[in-house]
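>>> Quick one, structure for this:
(one chain, ligands or ions: 1)
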Amino acid sequence: MRLFVANWKMHKTRGQARAFARDLAAQIGDRPPSVELVIAPPLTALEAVRDPEGRWSLAAQNVAAEAAGALTGEVSARMLADAGCRYVIVGHSERRRLFGEDGPLLARKLARARDENLTPIYCLGESEEERSRGLTAQVFERQAQTLAQDPASAPLVVAYEPVWAIGTGQAAAPEDAAAARARLRKLLANRQSLRLLYGGSVTPENAGKLLEASGMDGFLVGGASLEPSSFARIAGLA
Ligand code: PGA
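So this is what the prediction gives:
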């Protein structure tokens, strides 16, 4: 089943999240699920966006690298699982770039997620500069190395998110996403249950062609996931 993840980043109050949930439910209607939907709201809106009917599941956007302790401001994997999360985003480029998260730290976050049976949505991708210097393959290898200790039998989602495509309106060309997919399938050939997503300026307008031509299993969507109708269209539900 294809997988569509809404990454809300630091957007929406609880009231706005409730309104989104209501509208998305109306878009989906009673039809049997044909795709898997996941919403990653800010932690304060997890409860507000939860669907009692289970038409979508919840993800966190981040997780602490430690299980518990005197770590003001952090939220543990156990707390996320207890709050109803099934997935957690790890290694988003904004966390890497703006909050200095590196490979060793992200490996610990992956381990904490596994402790609580949260499925990681592990993000990777090259920057504009790395791309222009022809370093994309090395970046993939380095960032995939972070998964070395993550159990190969556990289900994993990896999102290819080129940094230059995030929030820029300039999505990767379908051929580039297809090439990234092939590269990741090869690098992660040991994984028993792997789904690959593309993320970066996905819109209802470019989603169909991108999905078809890239062979990806779905999308991680930022800006265009903030509107229920736009997210539903990207997922092919409206
Ligand atoms: P965008 O963000 O869809 O707004 O480009 C994607 C992401 O950062 O996950």
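>>> And for Phe4, nearest residue in space, chain neighbours not counted?
Nearest residue to Phe4, sequence neighbours excluded (C-beta to C-beta, 6 or more residues apart in numbering): Ala235, at 4.2 Å. In short, each C-beta sits where N, CA and C put it, glycine included.
>>> Look up how far Leu118 lies from the one you found.
22 Å (C-beta to C-beta, to the nearest Å).
>>> and Ala6, that one's in a helix?
No: assigned with DSSP: H, G, I helix; E, B strand; the rest coil, Ala6 falls outside any helix and is strand.
>>> wait, doesn't it sit right on Gly218?
No: checked against C-beta atoms under 8 Å, the pair Ala6 and Gly218 is beyond contact range at 11.3 Å.
>>> which one of Ala235 and Leu118 has more residues nearby?
Shown here are Ala235 and Leu118; by other C-beta atoms under 10 Å, Ala235 has more neighbours (28 against 22).
>>> Now do the SS call for the residue of the chain positioned farthest from its centre.
Ranked by distance from the centre of the chain (C-alpha atoms, centre = their mean), the top residue is Ala70, with 28.1 Å. Classification of Ala70 by three-state DSSP places it in coil.
>>> Okay, it and the ligand: tell me how far apart.
Per C-beta to the nearest ligand atom, to the nearest Å, Ala70 is found 31 Å from the ligand.
>>> now that residue: how far from Ala172?
Relative to Ala172, and taking C-beta to C-beta, Ala70 is found at 42 Å.
>>> now do Val157
According to C-beta to C-beta, Val157 stands 18 Å off from Ala172.
>>> just to revisit the earlier point, any idea how far the residue nearest to Phe4 is from Gln61?
19 Å.
>>> what does Val202 give?
17 Å.
>>> more crowded one of those two?
Neighbours per residue (other C-beta under 10 Å) separate Val202 from Gln61, with Val202 holding more: 27 against 21.
>>> Count the residues that sit near Tyr160.
Counted with other C-beta under 10 Å, Tyr160 comes out at 26.
>>> for it, what are its contacts?
124-125, 172, 177, 180-181, 184, 196-199, 216 (C-beta atoms under 8 Å, 6 or more residues apart in numbering).
>>> Dihedrals phi and psi, the closest residue to it other than its chain neighbours?
Counting by C-beta to C-beta, 6+ apart, Tyr160 lies nearest to Ala180, which is 4.4 Å off, once chain neighbours are set aside. Dihedral angles phi and psi of Ala180 (degrees, to the nearest 10) take the values phi -60, psi -40.
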